[in-house]
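> Any chance you could fold what I've pasted below:
(one chain, ligands or ions: 1)
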Amino acid sequence: MVAAARAIETHRPDALAGDAYAEHFVRAAGASAAWPVRPAEVPDGDANPLWGRLGRYFGLRTRVLDDFLVRSAHAGARQVVLLGAGLDARAFRLDWPPGRVIYEIDRDGVLAFKHHVLDGLAAIPTATRRPIAVDLRDDWARSLVSTGFDPTVPTAWLAEGLLLYLPPAAERLLIDTVDRLSADGSTLAFEVKLGTESPEVRASPVYAAARQQIGIDLLALFDGEPRPDSVGDLRGRGWSTAVYTPFDFARHHGRGPRPEPNDALASNRWVFANRPGTYV
Ligand SMILES: C[S@@+](CC[C@H](N)C(=O)[O-])C[C@H]1O[C@@H](n2cnc3c(N)ncnc32)[C@H](O)[C@@H]1O
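Numbers count the residues shown, from 1 in each chain. Below you'll find the predicted structure:
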């Protein structure tokens, strides 16, 4: 779904991010004609709650986190770790400074599908890329370090669209591991949902549209348990943190999504954290 949104974003006249691989992932997944990859294929355009509004949200998120990673790399991060990398093609499409190493962590089946598509396109990474097939509920630090990750140099970490699917114990493990393996000057960005959705929000058009248009119950995918306070945890460990709503960035870029009543996006926060030693 994120890949379809990125494909649509790529072809918007006011695109905030470009991902030429995204539409190939959607097609290879065998998604039916109901899955658009161009703005012209979206029924009702921007008024469509799923591919219009939520799609714009994914486009905005992609751009904001592209900027975060590239800025971190230029500020001194030598390594990038994409946690729950999914079909993120940043290792192929961003202009990395020389010498950067990108680790992509996800489950085996997801990475196998990704490699099948990228190999078919003869895609060439723009940095050294090291995929790691591991479950983030397990001891993934060991796999990361044994693949060459160096905890003594600054790292940029990203958990985009991930924590809302993980059980609280895995989120706590993730924050603890990032803290333990981060040299001074490291950065972390992640997305959280504050609390569980109210009945009004659960009835919002975006969730209904996902069920109707692509047969996916998004709410059923979220982990429903109370979330840990990862921002407070990081602050207690000496990280500086800044928390934004997506609407802050939408305003900055002069486009949607904008807040609306019973908004499924209202509880989303994007968190940027720095380990003292640099400021990105
Ligand atoms: C919504 S996707 C986001 C993917 C990517 N970060 C992006 O924004 O394009 C969530 C990803 O997290 C991965 N994921 C979820 N639970 C995981 C787990 N326990 N271990 C490893 N990966 C996991 C999924 O396989 C999926 O690729």
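
> residues from the stretch 101-250 of the chain in reach of the ligand?
Contacts of the stretch 101-250 of the chain with the ligand, taken as C-beta under 6 Å from any ligand atom, map to D106, R107, V110, D135, L136, R137, E160, G161, L162, Y165, L166. Just so you know, the C-beta spots here come from the backbone N, C-alpha and C atoms, and that holds for glycine as well.

> quick one: which of those sit in helices?
Judged by DSSP state H, helices contain the following of these: V110.

> Now stretch 29-47: average pLDDT?
Averaged across stretch 29-47, pLDDT comes to 88.

> I should have written stretch 70-80 there, sorry.
pLDDT averaged over stretch 70-80 gives 97.

> so where is the stretch 1-150 of the chain shaky, pLDDT-wise?
For the stretch 1-150 of the chain, applying pLDDT under 70 flags the ranges 33.

> As a check, name the ranges of all strands in it.
According to DSSP state E, counting those that start in this stretch, the stretch 1-150 of the chain carries its strands in the segments 79-83, 101-106, 128-133.

> about what we covered before: using neighbour counts, trim the residues of the stretch 101-250 of the chain next to the ligand to the buried set.
D106, V110, L136, E160, G161, L162, L166 (16 or more other C-beta atoms under 10 Å).

> so the fourth one touches L60, yeah?
Okay, so that is E160. No: contact between E160 and L60 fails when scored by C-beta atoms under 8 Å: they sit 11.9 Å apart.

> What's opposite A156 in the beta bridge?
V80, T187 (DSSP bridges).

> Numbering from 44 from now on, please.
Sure, I'll start numbering at 44, so the last one becomes A199.

> returning to that earlier point: can you tell me which of the strands of the stretch 44-193 of the chain is most buried?
strand 122-126 (a mean of 25; mean count of other C-beta atoms under 10 Å).

> Show which residues not belonging to that one make contact with it.
The contact list for strand 122-126, computed with C-beta atoms under 8 Å, 6 or more residues apart in numbering, reads 112, 115-116, 131, 133-134, 143-148, 170, 179, 187, 192-193, 196-203, 205, 217.

> Among the residues you listed, the buried ones, what's the PyMOL command?
Restricted to buried positions by 16+ other C-beta under 10 Å, the PyMOL selection for the contacts of strand 122-126 reads:
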select buried, resi 112+115+116+131+133+134+143+144+145+146+147+148+170+179+187+192+197+198+199+200+201+202+203+205+217
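
> If you count neighbours, what's buried in the longest helix anywhere in the chain?
Counting residues, the longest helix in the chain under DSSP H turns out to be helix 98-118. Of the residues in helix 98-118, 98-109, 111-113, 115-116 count as buried by neighbour count, 16+ other C-beta under 10 Å.
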